Structures are given as structure tokens and as C-alpha cells.
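1. I need the structure of the sequence given here:
(chains A and B)
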Amino acid sequence: MNEWQNDKTPDETEPRPSGRQTREALLEARGLTKRFGDTLANENVDLRINKGEIHALLGENGAGKSTLVKSFYGSLEPDSGEIFWLGQKVNIDNPSEARSLGIGMVFQHFSLFEALTVVENIALALPNPGNMAELAERIRSISEDYGLPLNPADVVADLPVGIRQRIEIIRCLLQEPKLIIMDEPTSVLTPQEADRLFVTLERLAGEGCAVLYISHRLEEVQRICHHATILRHGRVVSECDPARETASSLARMMVGVDVANVSAAANAPQLGPVRLRLTNLDLPASSPFATELTNINLDVHAGEVVAIAGVAGNGQSELFDAISGERPVAPEMITMDDLPSGARSITWRRQKSAAFVPEERLGHGSVPGLELTGNITLTRHSTGDGLIASLGLLSRTAAGRLEQKIKRAFDVRMSHDNPEARSLSGGNLQKFVVGRELDRRPGIMVINQPTWGVDAGAAALIRQALIDLARSGSAVLVISQDLDEIFEIADRIAVVSRGILSKAEPVHIMNREKIGLLMAGGAETQAAKSGQQAPDVLPEAPGGAV
Amino acid sequence: MFEAILLTVITAATPLLIAALGELVVERSGVLNLGVEGMMIMGAVVGFAAANLTGSGTLGALAAVLAGVCMASLFGFLVLYLATNQVATGLSLTILGLGLSGMIGEAFIGVPGLKLPRLDIPLLSDIPFIGPVFFQQDALVYVAFALVALVSYVLFRTRMGLILRAVGDNHGSAHALGYSVLRVRFLAVLFGGGCAGLAGGYMSLAYTPQWVENMTAGRGWIALALVVFSSWLPLRVVGGAYLFGAVTVLTFHAQAQGIGIPSQFLSSLPYLATILVLVVISANRRLTLVNTPACLGKPFVPDR
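-> Prediction:
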């Protein structure tokens, strides 16, 4: 099942930065092993974090990073191995014990309570929160002191993700931790918000607090981390000083092989006619916590890849639902090859050569308990692939042929033929779900987070396939939170912020800073300036992060 | 006349109020217990039997609470520790309660009951009109109002209530913070069971002091609807319970007055009112969704 046979394992004993061993260890793990069923999530992991050190934990998705830190935070129990805290052997049985030792954690998927206020959320994590009014005052002063201002009375559900992360960080800081664990903290931040976070982290390290920083964004790690431990398949494969490495050498240690480069710029697109057009698209919010889409305009031409960047939860899934037909809108709001399609069904759109890949591959993109041939039939039964034989019966042979074809073309690895969708690993399932649609050579391809949680090799394959599809005359619309991915494949980039889409600009005039400003609310301002219908009240940029 | 009607409204509303408050706490913790009717009817029969055998209304009421707690602990064990389906388990609990109570109560059919003593509050009860209506009730009416205050205070002013709401909003996060989701929920389920039992006991000790099979007659279901009606806020439960109490009593009086409407239609009025209110409430999605415990009805299995 190993996707990467370790043919090029780097040295097990990389030279360590001098003096590191002589400094005082804060947390030390020896021989940690955790097994889930048949898979070893962590195997004999040794890790040492010093006081005041920003320590990176690097690895691909599924390398065992989250499992390891959950053992440190007491939410998982390792099967074997020992943890030492300030030289003393400790058993961390539950998170409150970790917190009383001085270990705080900022989660990747927020552990906040949406229906509660900021101060209630923080009180829940403190052993003795005391008087709520006094706690609110403390929150206000500490958060301003660290440059991450918060209003304690706000209800979390109303706050954007950047602010939610602040709550988690302030919640950690109020516990006066000696070690803060951060799981992919910048994946939900604009570049400017991330910069601000780095300043806070450096200040904390200066005050003697250690940070265990989980990320797969190598530039960040090189910029702020003092030391890095690299995990692959649950084992520590290397340790290094990230500042002395290059991004590609770090990537090689993570993946184990060289990662193929995706080539987009090599051949500039030959623009054809507009194949997908969104005109003044409005979509009301489906629930109190969802985003409303306001006056969205976008053209996607044959031959190009247009990418929509944005921080999660700003209307991406709503936009996808409208284009794919899961939520119908007025007919003229969406045209596909000049046909009004806004009110048409998903099947009708597919028959008009559109294809859709949603964000969530298991449950939305595929039925977990259905075998792959069944999943192929579900999206392709009416697109002329011969999956429905005479009398409306399913043709298993046709579906089986397609399954084999997709498996070969996209290198989908499976333990036996035609398994249930849920038995594929995340990356393999994503290759299957994308491959199922690409195999049709759709004229319009709309894909949400094409490589989320996919290893680097599979991601490169998927991205190249999307570019190739566009160059062959299709219109490709990619919605992604990954700016590296967007710059790799997009010809034009638009940014969505609070349900408003900025103008799509060619990739060569966009840069991270511009995108960051648009993510932080610039899209609304741009819409207002250009005389389009603006929202009633211009919201402040989330957190005023500039 | 008006005074008499008001008095009967209070007695009709009290069991709904007590049962709905208990279920509100259960649902705030994220568990949907559809077995309220079953727990109520068990409270009614056990409360009646205990009062009859001991000769004490107070002991009867306590026995009713205990019966509800026992039923709830069965439900809690199945739903929380064995992670069974909450809807199916709740429905089974109702069916079990209805059947079991019929069996236990067989010996008590036609036995004259014991009415809970009235609790007159000195001085206040002497005030004309207001006195008899508000201060000459049986003890459980006051208990019901004390429960409203208690539940409101605990839910929104104490750490215990904060933890309960947190567990109902996001059990994964509550677990990650180190709270025992299952224990919090189990205790909430027991509280809900105790309330439902007491509400049933009120039926057979105060409302109509006798045992009749299936005497709760769907009040458990109305209590469940009231929780939604109140959008999970205790004070609104009071309004809802009294509204339905009033509709119930009015149908009696309408029948007594001999209005030319079939009695079956009149007795179905409270239930029709329930459906109507639920439709109206559901039309305003924002109102219901904001207060709905996000984890309501979702089983939690710790990944340890």
C-alpha cells in the first residue's frame, strides 16, 4: 500500500545544528508508536523540542503529524513509547492534563463552539475562568497586547476564520503555556494575516515559549522555524535546520522522491469563445451561518484555466453549488456555451458537456459504500458512455471498462479490483473522482479544491491534467485555497471574499500581496468602486489585517 | 367562572411545562430523546401506585421521578454508550413505557386516587382573584416555576450550563478540550427523565387523581414539540405550555357549553395547534437554526 517506496531515503542521521543538544529540552518523545487497525500512524518516533524554539513538524498528508501531536496533547494514547516533560517522564492522559503541564494547542479544524461567544469559548478551556466580566477584560487586554484584538462579546458563528484563529491563539496564551502546538495555522489566513501571526510567534519564542509548528508550506517553515523534524509514513526520516535547506530539498525529504514540475506557462493559451459565463449571479444564504453570493460576474473561455482564490468559507461552496446546479438560480445568471443554464438540472448540464468535482470527495464526490463502477455510473449515466443499456438496465461491463481506463490513466492504486469508494486512500480517491470526469474530456470543467489533502505526486498529476484539458479547448474553473497551486496552473485569477468575486486578472499582473488584499475584503471595495451593486454596508476587512 | 378556567389552565399546563423543560436540557446537550411519552406514562403509573401504597402524595411524586430516571438511564445507556440510533431508541422507549405501564397499572384501575395537597402561601393567597389563582396551587405548580428559574440560571449563568451547551454545540471540540461528552449527556438525559417522570406523576396525582391506561394521551409528544416551539429557551417554554394548556381547557369548556362541533374534533384541537405552531416556527429558519444545538441527535463515539 506504500505509495512511495523508500528508494531514496535521506540520511537517517542528519548533522544537527551545533549546540542544540546542549540546550534544555522542554518536551522529548522517545519511541512513540501508535497503530490504527492495520496501519502504523507513528512508528518509533523520537522528537526533542527545546525551550524557546519554533520547531517545525513536516510531512505529507497522512505522514502521522496530527497523530503525533494528539499524543502530546493527550487526545490520543500512544501504544508504546515515553514522553518526557522538562526531564520528567509523564503520562498525558487527557487534554486537561496537557494544559496543566503547560501545553496548549491551536487546532487545524477549529475546536470552537459556534453558538457561543468569544469569552464563553475561552472560559471553557480554562480550569478556573473566574468571573466572566473580568475574563472578558483580560481577553481584551491580552489580545490587544499581542496585536490580535478581539471583542469578547462576539458570537463565534458571526466571525471570519482569521478572527476564529485569534480566539484559539488567545485561548492558548491565557493558559500561559510553555509549548504551543499549531496545526497548519496559516491554511486559513490571508498572506498578511499570516505575517502578523509570524510576528506573534517570534515574540512568543523570544519570551521562552516553544512552538511546535505543523505545516507543509515550506517557505513559511524556512522563514520562521529554528529546527525541523520530518515525518514520512509515520517515521522520523530526517531532522534539519530549515534555513540551511532549500524548498526542494525539504520537499524531497517529505515525499521521498523528486516532485514533478507542472508546466503551464510554457504554452500560453489560445483563447476560444466564452464557454461558461456567470452574469449578476445572486444566491441567498441557505442557513444563518452560510455565505450569500452577491452579483458575481465571470467569463471562462475555451482554452484557459481560471482560478478562484479565497479563504475558506467565503462563498466557494455556494458558488460551486450554483454552477453545478445543486442550487438552481435564474436561467440567465449562468450560461454554458451560450445556453441559459441557471435553472437546469445537474444531468442537463452534464449532457451539455460540463463536469463537476466537489470539494468533499467522500460523501459528495462519491458514495462511500458503493463500488467504483457504481460511482462511475452515478455521474456518467446520461452522457453517452453506454452505461445504460436497453430497457434502462445498467451495463456493468461498460462501467468496468471505464473503471479500468481511469485506473490506468490516473494511476489509481487499489488493493483489489473495483473496491468500495471508501476503501481508497484520500489521494487515490481524489485521482479517481477527478479522473472520472476528465476521462469524458468535458467542455466545461468546474473543480473545487482539486488537490486538497492529496500528496505532492498525485497533486502534480491532477494539476497537469487540468492544464492539458484547458489547452485542448475546454474551459476550466478551479476553486482553490492553495495559492501555490493557483499560481502553478491559472491563466487568470479572481478572488472571492464574503460572497463577492473580484475581477479575474491575468496571472502575470497578480501577486500574493494583491491577492491577500482582495481576500481581506478588497474584493468588496473593488466591486463598489467599479459602480457595481455593492452590499448595503461595506464590511471591514477581517481583522483589518494589512 | 374566569377564575375557574384559569385554575384549570394552570393544572393543564404544568405537566407540559415540566416535561418540556427536562427535554430542553436533554436536547441542549445534543441528545434527542423521543421517549418522553414513555417516561411520562411510567411516572404516572409508578407515582400513582406509590402514593396509593404509602398513602403519601410526596412519596408518590418522588417515585414518579425515580421511574422517569430509570427509563432514561436505559435510554442513555443504549444511545450514549452503545451509540444506538437515537430516534429508534426513543420511539422504542415510548412503546415500552406504554406497554409496561399498562401491565403495572392493571391492579390500580378504578382505585380512588390521592390528590396532592394544595399549598397555600400565607398572606398572598388571601389577595382576591390573584390569591387563589397564583398562590393556592398544589406544590408541583411551584416546583415547575422553580424549575424554569433553575434551568435558565444553570444553562446561561453557570459553568455547568456552559459545558452542557458546549457539548450540544460541538461534541468533537468539547472532547478535544477534555470534557467527558458522554457523562455530561448521560446526566442531562437522567435530568430529562426525572422531569418527564414528575410530569407523569402530576397527571395521576393532581390533574386527574386516578390511573387510566394511556392517560398521558400524547402530552409527551406535545412537550417535545414545545421544545422546538421555544427554540430551546426555557422562558419561552412557559409561554408555549400555557398556550397549549389554555387550548386544552377551552375545548373542555366548549364541549360543556354544548357547541355543535363534534367532541372528537375539539379534543384534537391541542394537537392541531401543535402542528400549526411548528409550521409557523419552521417557516422562520433563521430563528430556529440559531438556537438549535448543532449536534442534536448526532451520536458521539470517542476516537480513543
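
2. which one is A:Val220 nearest to, not counting chain neighbours?
-> Quick fix: residue A:220 reads Glu, not Val. Distances taken as CB to CB, 6 or more residues apart in numbering or on different chains place A:Thr186 nearest to A:Glu220, at 6.2 Å, with adjacent residues excluded. For glycine as for every other residue, the C-beta is placed from the backbone atoms N, C-alpha and C.

3. got the phi/psi numbers for the one you found?
-> Phi and psi for A:Thr186, reported as degrees, to the nearest 10, are phi -90, psi 0.

4. is the residue sitting nearest the centre point of chain A in a helix, a strand, or coil?
-> Centroid check for chain A by CA atoms, centre = their mean gives A:Trp452 as the closest residue, at 5.3 Å. Assigned by DSSP: H, G, I helix; E, B strand; the rest coil, the conformation of A:Trp452 is coil.

5. how much space separates the nearest residue to it once chain neighbours are set aside from chain B?
-> Among residues not flanking A:Trp452 along the chain, A:Glu359 sits closest, at 6.7 Å (CB to CB, 6+ apart). Applying CB to the nearest CB, to the nearest Å, the value for A:Glu359 to chain B is 19 Å.

6. which strand or helix spans A:Glu359?
-> Using DSSP states H and E, A:Glu359 sits within no helix or strand.

7. got a list of what it touches?
-> By CB atoms under 8 Å, 6 or more residues apart in numbering or on different chains, the residues touching A:Glu359 are A:316-317, A:320, A:448-449, A:452, A:479.

8. tell me where the model's unsure across the stretch 251-400 of chain A.
-> A:257-268, A:288-289 (pLDDT under 70).

9. can you map out the helices along it?
-> Applying DSSP state H, counting those that start in this stretch to the stretch 251-400 of chain A gives helices spanning A:316-324, A:346-351, A:372-380, A:396-410.

10. can you lay out those as TSV showing distance to A:Ile509 and mean neighbour count?
-> Output for the helices of the stretch 251-400 of chain A, formatted as TSV (distance: least, CB to CB, whole Å; neighbours: other CB atoms under 10 Å in any protein chain shown):
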stretch	distance to A:Ile509	mean neighbour count
helix A:316-324	23	23
helix A:346-351	32	16
helix A:372-380	36	21
helix A:396-410	33	17
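
11. any idea which of those gets closest to B:Ala139?
-> Nearest to B:Ala139, of all those, is helix A:316-324, at 54.3 Å by CB to CB.

12. any residue of the closest one touching chain B?
-> No. Using CB under 8 Å from any CB of the partner chain, helix A:316-324 stays clear of chain B, coming no nearer than 16.0 Å.

13. re earlier: for chain B, state which of the contacts of A:Glu359 is nearest.
-> Ranked by distance to chain B (CB to the nearest CB), those are led by A:Ser317 at 17.4 Å.

14. I figured that closest one hits A:Gln481, correct?
-> No. Applying CB atoms under 8 Å as the test, A:Ser317 and A:Gln481 come out as separate, 11.6 Å apart.

15. got any ranges where the stretch 51-200 of chain A has weak pLDDT?
-> For the stretch 51-200 of chain A, the stretches with pLDDT under 70 are A:61-62, A:108-110.

16. next up, the contacts around the residue nearest to A:Glu220.
-> So A:Thr186 contacts A:194, A:197, A:215, A:217, A:220 (CB under 8 Å, 6+ apart).

17. just the residues you listed: which are in strands?
-> Counting by DSSP state E, the contacts of A:Thr186 place A:Ser215 in strands.

18. quick check, nearest of the contacts of A:Thr186 to chain B?
-> Nearest to chain B among the contacts of A:Thr186, counting by CB to the nearest CB, is A:Ser215 at 20.0 Å.

19. for that closest one, give its distance to B:Gly168.
-> 33 Å (CB to CB, to the nearest Å).

20. which parts of the stretch 51-200 of chain A sit against chain B?
-> Counting by CB under 8 Å from any CB, the stretch 51-200 of chain A sits next to chain B at A:74-77, A:94-97, A:99, A:107, A:110-116, A:120, A:123-125, A:129, A:157.

21. which among those residues end up buried?
-> Among these, those scoring as buried are A:74-76, A:94-95, A:99, A:107, A:110-116, A:120, A:123-125, A:129, A:157 (criterion: 16 or more other CB atoms under 10 Å in any protein chain shown).

22. quick revisit: contacts only, for the residue nearest to the centre of chain A.
-> Taking CB under 8 Å, 6+ apart, one finds A:359, A:430, A:481-482 in contact with A:Trp452.

23. same thing with A:Glu505?
-> Residues near A:Glu505 by CB under 8 Å, 6+ apart: A:492-494.

24. ok, and the most crowded of those residues?
-> A:Ile493 (27 neighbours; other CB atoms under 10 Å in any protein chain shown).

25. and residue 93, what element?
-> Picked chain A for this. Counting by DSSP H and E, no helix or strand carries A:Asp93.

26. my bad, the chain I had in mind was chain B
-> helix B:86-105.

27. list just the nearest of the contacts of A:Glu359 to A:Cys209.
-> Nearest to A:Cys209 among those: A:Trp452, at 31.0 Å, using CB to CB.

28. which one's more surrounded, A:Ser215 and B:Gly168?
-> B:Gly168 (29 against 22).

29. point out where chain B drops to low pLDDT.
-> B:1, B:119-125, B:129-136, B:284-290, B:303-304.

30. not counting its neighbours along the chain, what's nearest B:Asn189?
-> Quick fix: residue B:189 is Val, not Asn. Sequence neighbours aside, B:Gly76 is the residue nearest to B:Val189 in space, at 3.9 Å (criterion: CB to CB, 6+ apart).

31. sec struct for that neighbour, please.
-> Applying three-state DSSP: B:Gly76 is helix.

32. give me the neighbour count for it.
-> 24.

33. wait, it touches B:Arg183, no?
-> No. In this structure B:Gly76 lies outside contact range of B:Arg183 using CB under 8 Å: 10.2 Å.

34. just the ones of the contacts of A:Thr186 in helices?
-> Here DSSP state H is the test, and the contacts of A:Thr186 give A:194, A:197, A:220 as lying in helices.
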